[in-house]
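[1] predicted model follows, preceded by the sequence.
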Amino acid sequence: MLRFLGLRLGRSLLTLVLVVTFAFVVLRLSGDPALLIMSADAPPEAVAAFRRAWGLDDPLWVQYVRYFGAIFHGDLGNSMRDGRGALELVGERIPATLALTVPALLIKLCLGIPAGIYAALHRNSLADRAVMLLAVAGFTVPSFVLGLLLVLLFAVQLGWLPSGGQESWRHAILPVITLGLGGAAVLARFTRSAMLEVLGQPYMRTALAKGVPWRVAVRGHALPNAAIPTVTIVGFMIGSLLAGAVVVESVFSWPGVGRLLVVAVANRDLAVVQAILLLVAATMITANLVVDLLYGVLDPRLRNGARGAA
């Protein structure tokens with residue numbers, strides 16, 4: 001088990017380093033932040049002084065080594081816009097993003113998993129077709145389109161809910177529904193597929209042939225085995241809590257991490273963008289690591305396979 005954990009942890013750390021390196025290089029090759037932050041008519045001396053003050057005139061490898069050294073000391077840099085710490089700016093926005101994504105995650109779990117299980121247990125029925133039709137619609141409609149449709153209906157036409165902002169809990173209803181419905185559709189499709197695959201396995205037919213009641217066979221064999229692939233999707237959704245609301249926050253003018261990322265990218269605010277990407281990558285990698293460990297608990301063959309491969 002320790003070797004299994006060590007392999008997953010080493011892979012996660014390597015992935016985090018690669019993500020940070022990729023983001024660092026791409027951001028610095030995508031444009032000069034000094035030309036965006038300073039006015040167009042700024043004198044060359046001022047632009048050069050700005051680059052020198054922020055270390056942008058150093059070779060790329062020097063900036064890279066300095067950035068990684070600062071990360072290990074807990075320093076993610078300062079915003080080029082207002083001089084505040086990037087981690088402080090991101091930390092202020094995290095509660096707003098979680099206020100959307102956590103309720104949306106609950107909607108995904110409470111709607112998607114039961115709907116997928118019910119559709120699989122009633123395969124080819126009218127209910128199954130209805131669930132899959134709604135799932136395909138929710139899966140294919142982009143979140144910004146769904147958000148705009150909800151705004152048009154509930155905010156513009158009916159006037160029941162506000163169209164944007166964060167003044168009260170009512171402002172969170174439409175963005176939460178927008179995030180939750182799309183994820184529930186994805187989860188319903190994957191849960192149904194996982195259940196159908198398990199229901200067709202020989203051990204299910206054997207259990208039923210031995211006289212095991214259908215409900216007992218489903219609870220004792222189908223649900224635990226179908227949970228293994230479903231955990232992957234749930235883990236991905238948990239890992240994307242901070243990054244999954246970028247579009248929705250922009251549509252509903254919600255002051256979260258996603259909206260901050262859009263503004264920081266437009267302004268080439270390197271430290272803020274890197275801090276958000278590092279935080280998102282760490283969250284997703286941690287979620288995937290937890291999923292790998294749950295795999296080892298749910299299916300001991302994976303642990304044995306890792307031990308045998310070593």
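    Perfect, I can see it now.
[2] ranges for the helices of the stretch 201-310 of the chain?
    202-209, 214-217, 223-239, 246-251, 257-266, 270-298, 300-309 (DSSP state H, counting those that start in this stretch).
[3] deepest-packed of these, please.
    Most buried of the helices of the stretch 201-310 of the chain by mean neighbour count (mean count of other CB atoms under 10 Å) is helix 246-251; its value is a mean of 23. In short, each C-beta sits where N, CA and C put it, glycine included.
[4] what's the closest of the helices of the stretch 201-310 of the chain to Gly164?
    With respect to Gly164, and counting by CB to CB, the nearest of those is helix 246-251 at 7.8 Å.
[5] output the closest one as CSV, restricted to C-alpha atoms.
    Coordinates of each C-alpha in helix 246-251 appear next as CSV, following Å, rounded to 0.1, in the frame of the first residue of the first chain:
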residue,chain,number,x,y,z
VAL,A,246,-14.9,30.7,-15.1
VAL,A,247,-17.6,31.1,-17.8
VAL,A,248,-20.5,31.2,-15.4
GLU,A,249,-18.9,33.8,-13.2
SER,A,250,-18.3,36.0,-16.3
VAL,A,251,-21.9,35.6,-17.5
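[6] show me the contacts for Phe24.
    Contacts for Phe24 (CB atoms under 8 Å, 6 or more residues apart in numbering) come out as Gln63, Tyr64, Tyr67, Gln274.
[7] to clarify, my last question referred to Asp57.
    Shown in contact with Asp57 (CB under 8 Å, 6+ apart): Ala48, Arg51.
[8] sorry, back to before: let me know the closest of the contacts of Phe24 to Ala188.
    After measuring the contacts of Phe24 against Ala188 - CB to CB - the closest member comes out as Gln274, at 35.9 Å.
[9] Asp75 versus the closest one, what's the distance?
    Using CB to CB, to the nearest Å, Gln274 is found at 12 Å from Asp75.
[10] can you list contacts of stretch 90-109?
    Here stretch 90-109 has contacts from 166, 172, 175-177, 179-181, 183-184, 186-187, 234, 237-238, 241-242, 244-245, 248-249, 254-260, 272, 275-276, 279, using CB under 8 Å, 6+ apart.
[11] same check, this time on stretch 182-196
    Contacts of stretch 182-196 with the rest of the structure, by CB under 8 Å, 6+ apart, involve 104-105, 107-109, 111-113, 115-117, 119-121, 123, 128, 131-132, 134-139, 141, 143, 146, 222-223, 226-230, 233-234, 237, 244.
[12] next, the distance between the ends of stretch 109-126.
    Terminal residues of stretch 109-126 lie 23 Å apart, using CA to CA, to the nearest Å.
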